[in-house]
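Okay, predicted coordinates and the sequence, questions at the end:
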Amino acid sequence: MESRDVPCPFCGCLCDDVFVTVENNRIIGVENCCTLGNAKFLSKKRLKHPIMRKNGKWVEVTYEEAIDETARILSDAMRPLLYGWSGTIGEAQVVGVHLAEEIGALIDSTTSVCHNPSILAIQEVGHPGCTLGQVKNRADLVVYWGCNPIEAHPRHMSRYTTYADGYFIDNTASDRTVIVVDIRRSEGAKVADEFVQVKPGGDYLVLSALRAMVRGKSDVVPESVAGVKKVQLQRVADLMMKAKFGAVFFGLGITMSRGKYKNVRNAIELVSELNRRTKFTISAMRGHFNVYGFNEVLTWMAGYPFAVDFSRGIAFYNPGETTVIDLLERREPDACLVVASDPGAHFPKSTIEHMAAIPTVQIDPCVNATTALCQVQIPVAITGIEVAGTAYRMDGVPIRMKKVLETEFPTDQEILERIVIRIREIRADG
Amino acid sequence: MAEILLKNAYVIDPISGINGELMDIALSGSRIVEEASPKAEVIDCHGFLTLPGGIDSHTHYSGTKVNFGRYMSPEDMRAGRTARRGPMHITSGYSVPTTYGNSYRYSALGYTTLVEGAMAPLEARHTHEEFKFTPLQDSFANTLFDGNWGMLRALEDNDIKHAAAIIAWTLSAVKGFAIKLTNPGGTEAWGFGKNVSCINQTIPTFDLTPADIIKGAIRANELLHLPHSVHLHCNNLGTPGNFTCTLGTFGHVPDLNDKRQSLYATHVQFHSYGGSGWGDFCSKSEPVAKMVNLRPQIVIDMGQVMFGRTTTMTADGPMEFNLYRLHHDKWSNHDIELETGSGIIPVNYRKKNLVNSIMWAIGLELALLVENPWQCMLTTDNPNGAPFVKYPEIIALLMSKRYRDAEFATIHQDTEKRVPLPAIDRELDWHEIAVMTRAGQAKALGIIDIGKGYLSPGAEGDIAIYPLRIDDIDPSADYEKVIKGFSQTEYTIKRGRVVSRRGDAIIDGENTTFWVKPKVPAAYDMQHDTAFQELFERYYSVRMSNYPVQEEYLHRNHCIETETDL
Amino acid sequence: MNVTITFRNRRNRRNPFIPIEAEMITPDAFFNNKEICVGEGNRTVHLNELADVGIEGTASSVDEIEILIRGDASLVKRVGEYMTGGTITIEGSIGMHCGNFMSGGRIEILGSADGWLGREMQGGEILCHGDCGDYCASGYRGGRRGMRGGSVEVIGSVGDFACEHIAGGDVLIHGNTGDFACAEMKGGTVTILGDTSRVCANMSNGTCYVYGCAAEMIPTFEKRGTINHEGLLFHHFRGDVANRGNGDLYTARFTYLQ
Ligand code: SF4
Ligand SMILES: [Zn+2]
């Protein structure tokens, strides 16, 4: 059986043109996809049964028992943390938010460790953006700042920018100028018409200088800013002002370097300033395929995109205080539910130690680094391959993920719903 | 089936021709019926004012743009937080509340039906997702076509039927309700940072003027026999002197439909400005209202501005950018490929500000100068002019000259020289208010046939009972009582169930999404049109097969099929 | 009226690291005889469960109320929130959000303060003898106005983003600041006796004095020459030009990241 136009459940590009061939309920062919997506479609390893630690050993348990244990852990906790969410669909995230609200939990997503600063910046100055098709059809200048699309979003350039055909772009090779800004000469620098190398931690200063130049105030800018010569800065500013439609894409290179959201804010304000002269947009290169979806869901339900504390019966939001890393470093949570992400693989050591010290439950199809920190793991169907539902692309376009394989495994959503029901039963029993 | 008998209801039901009668209303299941069985639950209304459930024919409460208004405004979110209580979820937000916040607060005001003012087709799925979490109101989505390349190309070729076919395909695909044009041509021009300043100016990328787009869309709309007319946000919103553009636009509207208007012009307050700049900015509500009075084919809504903080959000990207340059506060913009744009900025309308004071006056003037209340709906273009929670105050302002004068004394003192408001004595009565907040909407939206906006047997069981004994109140003097009474229903009934009681939602609710599906002959089915397919394949960033909103997003829905003249 | 609140050791509680939310610990609440409840995670408990509370005397106005906080209050948040008068003295260190939105009265902290000390403060005084965390005298997320009035004095050093969005009032920091002090400054006066980094980024108005070194100066400030201030020579900068700003930054020394 062949399925056309399958959205890829891997990165925020959410390419929806993948061609999947299935035989005997197994994927045997994947076309149009990049290697990252391919690996996801073709991966076979998974956990077969729920597991639970008993007397220090993993034992296989029933779903019933695993859910019961999870419900007990969560209803008992005074400061439960529900974390992850970027690898599942909106329909499951909704249940997660309701659960958090009901038990007075903290809820946060992987946003907290990637584009958290982008959101803080947007909350200060807004976000002049657009859908990716707008860039594809119109942008004659593309800026990649502190990101590496070739490695992290392999089809970004071919689908939406450098190599994509567009309505107002006759020849994508010659009609689009590409500027790459980074602290080191990355793969992307090779395709750039202009490569700007900034000293580590210097992005903010360079952005300020460009803003002043776009305002026609070049005279205040010193001869060199964070390793970039003024002449080059002026050249870049001129390229930007000359463009008919400029599109800036940025990544963790500026969100996670010194100054964090101030860097992003400065980039946004540069783009806002450029709009007084021409057309410019800016977009975050969001990582997981549905990391943006969680931000959307939590926002319409609770008013904030991530890091919400429901413990006082209302929604409280204050990144730095209610964000996952800060909470774990301060050892606040006394129980943790991890859904559709793998904090064990990349969180700082002290936070992982705390997760291991408290009862932690993971809902995930596969054994991963987080498994080692858990008391319980509940395996589920794979979203976007075995489960259909809603994901939001990095530019906010919602796309329905498809189900191409049948499965016996329950979905994230079903497991979460059963946990909610079980918690209510436990509470009713007092 | 559950039954309810409302006793001693003091009913105003303009569509059924009832103007203040003490009567009983029986409900069975979701509908109003002739009589209830003895098993019916009896609710004594104690002579309280009983109206059909409120209908907001133009409000922004669901979808990408609205959610971005929340996303970018933690300061607004914290301003309106409420705790979990009974079946009510937590809510956040003042000017852009969370979905539950919208739903509970609208329900407390007696509203049971909402029309999302602007849904971008490409992101329609998002709007429908939020509808699901607005459980106490039925939802309709105005669908944006102002910069739709397919439609614009067809109009360029002067092929109205083809344009209509594209509209039909898109509306059915995205489960939309009506054609919305926002700054037609201007949002497309904004794709390259430009705008249009006159309805007769050719737009940069298509050989069309805004007037061509408006006229074409109106004709296409009638070919498709859509329940609602074209819903237009005129060009030049917010610009001094824009009333000429508004009058010019109205002048182009033919009278094509005998059941309703041919054009619904939204938030006309923002389009009734005189002056050549901010220095001589003034009200031009009089010529605009006069034009509406002369042309029954036009219905408008107020777009009333009320003082205080709010968030502006429209598909009108260039206009929002101009506002940003004025305020230098946060600015978000979100262009949508091949379709439209959008922008968001927070604002604070202040009494000390002359322009804001004049805007406040203009909205009221329009409502008072348009003679026929069926031609002017009460709105704030929520949340652009003010959050909808201000509706009770607006009702009171329209019903009381004394209240208007008292307010007028507190605004910028130069306002008097720029607006006709102080000279207007008209005070609207209860019946007129009922028209402007529900009956008129039902007629303008073309949804009386599906049971909306009235209380006779057969109608949907959507009812608002306000703690107001209107014979005991002189709205002209007791305006505080009017505000209080309209701020919180005694009961709000939705589809035959009490959903809200004295301001609190009492059940989870389950709404219905209404959408249209014009029946087009095979020759006009765009699904199989190769040129249309190619447009998708080459220029959209999603595949055509992934574009339509799937049935899964329409948990409970009602499809309005229309016969077409294609 | 003298109120003494002595926090008991929380070692024997289920999780001693859960912060306590104590927005009710204000002179106003005691003046109004309110029952003082605090949040401990997702439970609400009576203050008595966590602290010994002693009350002596009476008060005929808020200003006559003196609150003394003893014991370990370093995880107690929101003390003095919205206070309008009276005094709070904290013998040790205090948790986050101390003195948020306060409009009158005085808070003295003998130890250190965690983040967001005096956030969105409108009036009154805060004196912190130790160090202070990030976002001292700042605003809330969403970038409106930070501190608007009153005064904050920190004898030690402060963390990052001190005085972010500040729009009024006076802040005196004896020690150093972290990165991005006075970012987005809109008004008020901030004096930093120690060193700072990327100070006054994107400022639009207000005045800032740096007696130490302003490292990594924002490159978009206009040099206005030197002035003599309290017998010392300061470089005068105007900016942030990138933001059409008209703020004044006076610094004894500065460096650029070139
Ligand atoms: S770019 Fe991202 S979404 Fe596209 S195929 Fe590769 S991993 Fe999948
Ligand atoms: Zn609108």
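Noted; the coordinates are in hand. Numbers count the residues shown, from 1 in each chain, chains lettered A, B, ... in the order given. Ligands and ions are numbered 1, 2, ... in the order given.

Please make it C-alpha for all contacts and neighbour counts, starting now.
Will do.

Show me the helices in the stretch 51-200 of chain A, by range?
Along the stretch 51-200 of chain A, counting by DSSP state H, counting those that start in this stretch, helices occupy A:63-76, A:90-103, A:116-125, A:132-138, A:149-152, A:156-160, A:172-175.

So for A:Asp326, which of those helices sits nearest?
Distance to A:Asp326, taken as CA to CA, is lowest for helix A:116-125 among those, at 12.7 Å.

Run through who's touching the closest one.
With CA atoms under 8 Å, 6 or more residues apart in numbering or on different chains as the contact definition, helix A:116-125 has outside contacts at A:255-256, A:260-262, A:264-265, A:268-269, A:284, A:305, B:71-74, B:329-332, C:141-144.

Show me the domain layout of the chain.
All of this is about chain A. A:47-113+A:289-429, A:116-284 (automatic domain parsing).

Oops, wrong one, chain C.
Under the assignment automatic domain parsing, the domains of chain C span C:1-111, C:133-258.

most packed of these?
Comparing the domains of chain C by mean neighbour count (mean count of other CA atoms under 10 Å in any protein chain shown), domain C:133-258 ranks first with a mean of 23.

mind checking the end-to-end distance for it?
Using CA to CA, to the nearest Å, the end-to-end distance of domain C:133-258 comes out at 29 Å.

any idea of the mean pLDDT for that domain?
For domain C:133-258, mean pLDDT is 96.

Does chain B have contacts with that domain?
Yes. Counting by CA under 8 Å from any CA of the partner chain, chain B has neighbours in domain C:133-258: C:140-142, C:144.

Wait, A:Val61 touches A:Lys54, no?
No. Look at A:Val61 against A:Lys54 with CA atoms under 8 Å: they stay out of range, at 10.3 Å.

Who has more neighbours out of the two?
A:Val61 (17 against 11; other CA atoms under 10 Å in any protein chain shown).

so who does the more buried one touch?
A:Val61 touches A:49-52, counting by CA under 8 Å, 6+ apart.

Give me the phi and psi for it.
phi -130, psi 170 (degrees, to the nearest 10).

Tabulate the contacts of A:Val61 (TSV), appending neighbour count and distance to chain B.
Formatted as TSV, the contacts of A:Val61 follow (neighbours: other CA atoms under 10 Å in any protein chain shown; distance: CA to the nearest CA, whole Å):
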residue	neighbour count	distance to chain B
A:His49	18	30
A:Pro50	24	29
A:Ile51	24	33
A:Met52	22	33
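
Save those as a markdown table, and put in distance to ligand 1 and pLDDT too.
Rendered in a markdown table, the data for the contacts of A:Val61 read as follows (distance: CA to the nearest ligand atom, whole Å; pLDDT from 0 to 100):
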| residue | distance to ligand 1 | pLDDT |
| --- | --- | --- |
| A:His49 | 28 | 96 |
| A:Pro50 | 28 | 98 |
| A:Ile51 | 30 | 97 |
| A:Met52 | 32 | 97 |
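
Just the ones of the residues you listed in strands?
Counting by DSSP state E, those place A:51-52 in strands.

ok, back up a step: between the domains of chain C, which gets nearest to B:Ser16?
Taking the domains of chain C one by one with CA to CA, domain C:133-258 is closest: 49.2 Å.

is chain A contacted by the closest one?
Yes. Domain C:133-258 reaches chain A (CA under 8 Å from any CA) through C:141-144, C:179-180, C:218-222, C:241-243, C:256-258.

From these, which land in strands?
In strands, defined here by DSSP E, the members of the residues of domain C:133-258 next to chain A are C:Glu222.

returning to that earlier point: go through the helices of the stretch 51-200 of chain A and name the closest to B:Glu460.
Of all the helices of the stretch 51-200 of chain A, helix A:90-103 sits nearest to B:Glu460, with 29.8 Å by CA to CA.

what's that closest one packed up against?
Packing partners of helix A:90-103 (3 or more CA pairs under 8 Å, 6 or more residues apart in numbering or on different chains; DSSP states H and E): strand A:106-109, helix A:291-302, strand A:389-392, helix A:412-428.

what about the longest one, distance to the chain center?
Taking CA atoms, centre = their mean, to the nearest Å, the mean C-alpha location of helix A:412-428 is offset from the chain mean by 27 Å.

Could you check it and say which residues are buried?
The neighbour-count check on helix A:412-428 (16 or more other CA atoms under 10 Å in any protein chain shown) flags A:412-413, A:415-424 as buried.

near chain B at all, it?
No. Judged by CA under 8 Å from any CA, helix A:412-428 and chain B are separated, with a smallest distance of 14.1 Å.
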